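Colleague: here is the input, now give the coordinates:
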Amino acid sequence: MRGKRDGQIAVIFASTRTVEDDAGYGAAAARMVELAARQPGYCGVASARGADGFGITVSYWADEAAAIAWRDHPEHAAIRDQGRAKWYSSYTLEVAQIGRGYDWTRE
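Modeller: Numbers count the residues shown, from 1 in each chain. Next up, the predicted model:
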């Protein structure tokens, strides 16, 4: 079980990757996960990417202030600039407050 996320902020990042610099992208993505996990208000992340390059990453934050602080983190901002320059052909980002949710697992 992932736990209750009611009231948390979800930052939903949907992107299409270029074929450029897979190794650099992988290293940067791993660093961002590591760095985000150390930020106050961080509550988790889920991510998936298809063979066609389309992916979705959702990061979860305790509140809007924590999500904004992550957006404004200097190292995150620098990696975001690199992503725009070479790793993404497009992306959208949406921010939402979670009103309710549930889990299900086959046993």
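
Colleague: going forward, measure contacts between C-alpha atoms and count neighbours the same way
Modeller: OK.

Colleague: tally up the residues packed near the closest residue to Ala28 other than its chain neighbours, please.
Modeller: Using CA to CA, 6 or more residues apart in numbering and skipping residues adjacent in sequence, the residue nearest Ala28 is Ile79, 7.0 Å away. Using other CA atoms under 10 Å, Ile79 has 17 other residues around it.

Colleague: where does this protein dip in pLDDT?
Modeller: Along the chain, segments meeting pLDDT under 70 span 1-3.

Colleague: run through the helices of it in chain order.
Modeller: Per DSSP state H, the chain carries helices over the ranges 22-37, 64-72, 74-82.

Colleague: mind putting these into JSON lines with distance to Asp103?
Modeller: Below are the helices of the chain laid out as JSON lines (distance: least, CA to CA, whole Å):
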{"stretch": "helix 22-37", "distance to Asp103": "22"}
{"stretch": "helix 64-72", "distance to Asp103": "23"}
{"stretch": "helix 74-82", "distance to Asp103": "30"}
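
Colleague: looking at these, which is nearest to Ile9?
Modeller: helix 64-72 (6.3 Å; CA to CA).

Colleague: who's in contact with that closest one?
Modeller: The contact list for helix 64-72, computed with CA atoms under 8 Å, 6 or more residues apart in numbering, reads Ile9, Val11, Ala36, Gln39, Pro40, Gly41, Tyr42, Tyr60, Trp61, His76, Ala77.
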